[in-house]
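Trainee: prediction below, plus the sequence it came from.
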Amino acid sequence: NNEFGFITHFGWRTDQNLRMWVPASYFHWQATFSSTHIHNYSNNYTYYQDLYKISTCTTCGYKKVEYLYDFEVENIDDNEYITIKKVSEQIPNQLTIPEIINGTIVKTIDNNAFKDNILLEEITIPSSVTKIGDSVFENCIKLRKVTYLGNDVTIGKYSFKNCDKLSDINLLAKLKQINEGTFEECNSLETVILSSELTKIDKYAFRNCASLGAITVPTNVKTIPIGAFEGCNNLVRVSLPSSLISIEYNAFKDCTSLKRMVVPYQVNNISQSAFENCKNLTSITIPNAVTVIEENVFSGCENLETIEFPNNLSVIKAKAFLNCYNLKITSFPTNIQEIGTFAFKNCRSIENVILPKGLLLIKEEAFAGCTKLNQITLLRETNGVINIENGIFDNCIALTKIVIPSSQIIKYSTNASWSLYKDKFVLSNELSEYSLNCYSSPYTISTTLEHAHNKLYKINIKCNKSYKITVNANYLVNIHLYHEIGRASCRERV
């Protein structure tokens, strides 16, 4: 009855029956006591009803009874329930949590209750439990099986983080929300069946689950969050719901076994590094709702061969396809305006690229190291040249042709950045050519050009003397003198 007392021998006989427990209140002040030994339990214990731990003294046989759990009674909606706060450091490797302790229902397992327990292998949780707190089983490195007997439970952040042996857990199919890092680094988790009522997966939920082979995301999930499946290097198949609208930062980074991905048509955001280092990914379709391909999204996808760009794509950011060695592309959507730094660097399989009319800017080393790239075709005919930064074609050792719109040859030839490549310029269509030979007509010679607007003509002048060109026209005519096409020597406006 929680009353202080003593196990007492009265001294006049050796009969063990005289060794008894006496409440302290029974003794007078003059009583004296002596101790024969300190109880030594030496791991000599048993369990009773998965509730008590009974330790036996190896010297005298005294039995000490303790609860396996520290718990407290809490009042919820005028009803009393038990919350398990902490468990004994020494517990059986197979444990069933009781539904009732001292006549009160067990409802909650508190934060960190079983954290760092290295003995627990199997646990059964009663249906009365509706809440499992944060990090409850974190670092239970031998835990391999979790059985929940109910149908409605919430689990906190990092609840099963680093449960390295965990492979059998039925409560996954009963969760409506998976919180941050809940199953992170559960390296033995191979199969995951999620509830059809699941509405949210939080960040890092399955990060570094090295054995996870396939995942089907339920219909009501809208977002694949930051790092949700990062480092799942055996993940081969992912099925995403049509309701999905966003794939966040690092969502599938380092999923090195993933081969194919179909992104649902409603997705409008694929964040940085979402598929970075998915080395075996060979094809992916990006929906039309995506307008920007963010930094490093497919960087390091060494076997990516084909990609279907969305029609509304406007920007490809830095390193988006860096080191995609097998990627083969030929054209970009007409709305593309910017290609970022290192965007296609070291894409060794690209051979021929057509750059659309709306492209405004190509940033530093965007196509550097594309060793098979042999031809670039520029379609922009108005509003100036495509602005470029340093080294966009560095180490493109096969590049021999840059096809320029005939009407823009002058602008590209005289542009400080593009003129570095003018020895590779080829005109996009045939010129109207005329010849003037001053050898046969040493004085005044003339020719009439066909009427046109914004047209390029080539006049071949054969002469070894000084000469003057006079133009009679109703429109502005630009005259450029060349030693050969693509190498300007002077320019005059008439």
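Mentor: It's in.
Trainee: got the residue ranges for the helices in the stretch 301-450 of the chain?
Mentor: Counting by DSSP state H, counting those that start in this stretch, the stretch 301-450 of the chain has helices at residues 409-414.
Trainee: now do the contacts for residue 369.
Mentor: With contact set as C-beta atoms under 8 Å, 6 or more residues apart in numbering, residue 369 has these partners: 345, 346, 347, 348, 394, 395, 396. The C-beta positions use only the backbone N, C-alpha and C, and glycine is treated the same way.
Trainee: in PyMOL, how would I select the buried members of those residues?
Mentor: To isolate the buried members of these in PyMOL, using 16 or more other C-beta atoms under 10 Å:
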select buried, resi 345+346+347+348+396
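Trainee: let me know the pLDDT of residue 48.
Mentor: pLDDT for residue 48: 71.
Trainee: scratch that, residue 432
Mentor: At residue 432, pLDDT is 67.
Trainee: and if you look at residue 439?
Mentor: 67.
Trainee: one more: residue 446?
Mentor: pLDDT, residue 446: 69.
Trainee: over to the one 10 residues further on?
Mentor: Looking at residue 456, its pLDDT is 67.
Trainee: using a markdown table, lay out the contacts of residue 369 together with pLDDT.
Mentor: Converted to a markdown table, these look like this (pLDDT from 0 to 100):
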| residue | pLDDT |
| --- | --- |
| 345 | 97 |
| 346 | 97 |
| 347 | 96 |
| 348 | 96 |
| 394 | 95 |
| 395 | 95 |
| 396 | 96 |
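Trainee: okay, strands next: where are they in the stretch 301-450 of the chain?
Mentor: Taking DSSP state E, counting those that start in this stretch to define them, one finds strands in the stretch 301-450 of the chain at 306-308, 315-316, 338-339, 352-355, 361-362, 375-378, 387-388, 401-404, 425-427, 432-437.
Trainee: the ones you listed into CSV, with extra columns for distance to residue 202 and mean neighbour count?
Mentor: Formatted as CSV, the strands of the stretch 301-450 of the chain follow (distance: least, C-beta to C-beta, whole Å; neighbours: other C-beta atoms under 10 Å):
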stretch, distance to residue 202, mean neighbour count
strand 306-308, 29, 14
strand 315-316, 29, 21
strand 338-339, 33, 22
strand 352-355, 40, 17
strand 361-362, 37, 19
strand 375-378, 45, 20
strand 387-388, 42, 16
strand 401-404, 49, 20
strand 425-427, 54, 17
strand 432-437, 66, 12
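Trainee: nearest to residue 166, of these?
Mentor: Relative to residue 166, the nearest member of these by C-beta to C-beta is strand 306-308, separated by 36.4 Å.
Trainee: name every sheet partner of the closest one and say whether each one runs parallel or antiparallel.
Mentor: strand 283-285 (parallel) (DSSP bridges).
Trainee: state the next helix or strand along the chain beyond the partner strand.
Mentor: strand 292-293 (DSSP states H and E).
Trainee: helices or strands up against that next one?
Mentor: Using 3 or more C-beta pairs under 8 Å, 6 or more residues apart in numbering; DSSP states H and E, the elements in contact with strand 292-293 are strand 315-316.
Trainee: name the helices or strands packed onto the strand it packs on?
Mentor: By 3+ C-beta pairs under 8 Å, 6+ apart, strand 315-316 packs against strand 292-293, strand 338-339.
Trainee: any chance of JSON lines for these, columns distance to residue 461 and mean pLDDT?
Mentor: Formatted as JSON lines, the helices and strands packed on strand 315-316 follow (distance: least, C-beta to C-beta, whole Å; pLDDT from 0 to 100):
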{"stretch": "strand 292-293", "distance to residue 461": "49", "mean pLDDT": "96"}
{"stretch": "strand 338-339", "distance to residue 461": "40", "mean pLDDT": "96"}
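Trainee: pipe the ones you listed into JSON lines and attach distance to residue 175 per row.
Mentor: Below are these laid out as JSON lines (distance: least, C-beta to C-beta, whole Å):
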{"stretch": "strand 292-293", "distance to residue 175": "33"}
{"stretch": "strand 338-339", "distance to residue 175": "42"}
